[in-house]
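Colleague: Let's see this in three dimensions:
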Amino acid sequence: MTRRRPPARRRTRRPSRRQQQRDAQLLLYAAAAVTLVVTVVNWLLTHWWVLVTLLVLAVLAGAGWLYNRQQQAQWEAVRAQGLRYGLSQLDALHYSRFEDVVRELMDRDGCQDARRVGGRGDLGADVKATDSFGRRWVIQCKHRRNGAQGSPVGTPDLQVLNGTARQVHGADIAVIVTNGRVTAPAVTFAQQQRLHVVDRQTLAVWASGSRPL
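Modeller: Take a look at the predicted model:
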């Protein structure tokens, strides 16, 4: 009968010298951190007035920040209420400034992120904004230096907006704004494609009052 050899004992692997040094360093850092925290707590307990002073300063700073935010909000509300433009003013603008005015009017309407994006390669979008209902507005601006006497906005302008507003810019509401005229075929095309046209008459009401677009 053969005897079974007892199972070989597994040798426990001792941590290397480098690992031991790392563990010792970690313990040293932890002890130093605990000592520092205890020292700071004891110092604050002894000098409690410092903690009270810091707390008062933090409260004052928070109150000042809140007051400034309220003042800024009130100023913006007053400025928005006083934001008015007449057609003669709009006609005299440069086309880039006209885009800025449309952005300002959208901001007046309560769009917090209204911004002008017009320029080369804008792909039919001059102003973008999100209204209080979360709807994305994409606006194409067509300024006419001669106002109603300038060249009218035609169907090709609406086709550009229709081709990029939703597919490229993700618009929920696509709008074309002009201080000039809009041709009848362009208006028909806009109705068919669910585009919104702000012509000279609509712009006059919007820019001169406080009613949102």
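
Colleague: helix or strand for the closest residue to Asp109 other than its chain neighbours, which one?
Modeller: Distance criterion C-beta to C-beta, 6 or more residues apart in numbering; nearest residue to Asp109, sequence neighbours excluded, is Pro212 at 4.0 Å. For the C-beta atoms, the positions are set from N, CA and C on the backbone; glycine is no exception. In the assignment (DSSP states H and E), Pro212 maps to no helix and no strand.

Colleague: Can you read off the pLDDT for Pro212?
Modeller: pLDDT, Pro212: 84.

Colleague: What's the local residue count around it?
Modeller: 13 (other C-beta atoms under 10 Å).

Colleague: Isn't it up against Asp107?
Modeller: No - judged on C-beta atoms under 8 Å, Pro212 makes no contact with Asp107 at a distance of 11.1 Å.

Colleague: Could you verify that Gly118 is part of a helix?
Modeller: No - going by DSSP: H, G, I helix; E, B strand; the rest coil, the assignment for Gly118 is coil, not a helix.

Colleague: Contact partners for it?
Modeller: Ser96, Glu99, Ala125, Asp126, Val127, Cys141 (C-beta atoms under 8 Å, 6 or more residues apart in numbering).

Colleague: Now, the residues you listed that are in helices?
Modeller: Applying DSSP state H to the contacts of Gly118, the entries found in helices are Ser96, Glu99.

Colleague: just the buried members of the contacts of Gly118?
Modeller: Glu99, Ala125, Asp126, Val127, Cys141 (16 or more other C-beta atoms under 10 Å).

Colleague: Any figure for the gap between the first one and Cys141?
Modeller: When distance is defined by C-beta to C-beta, to the nearest Å, Glu99 is 5 Å away from Cys141.

Colleague: which residues are in contact with both of the two?
Modeller: Contact with both Glu99 and Cys141 is made by residues Gly118, Asp126, Val127, according to C-beta under 8 Å, 6+ apart.

Colleague: so which of these would you say is closest to Val56?
Modeller: Using C-beta to C-beta, Val127 is the member of the shared contacts of Glu99 and Cys141 that lies nearest Val56, at 46.0 Å.

Colleague: Look at the residue nearest the centre of the chain and give its secondary structure.
Modeller: Centroid-nearest residue in the chain: Asp113, 4.9 Å away (criterion: C-alpha atoms, centre = their mean). When classified by three-state DSSP, Asp113 comes out as coil.

Colleague: related to what we said a few turns ago, between the buried ones among the contacts of Gly118, which is closest to Leu57?
Modeller: Nearest member of the buried ones among the contacts of Gly118 to Leu57, counting by C-beta to C-beta, is Val127, at 43.0 Å.
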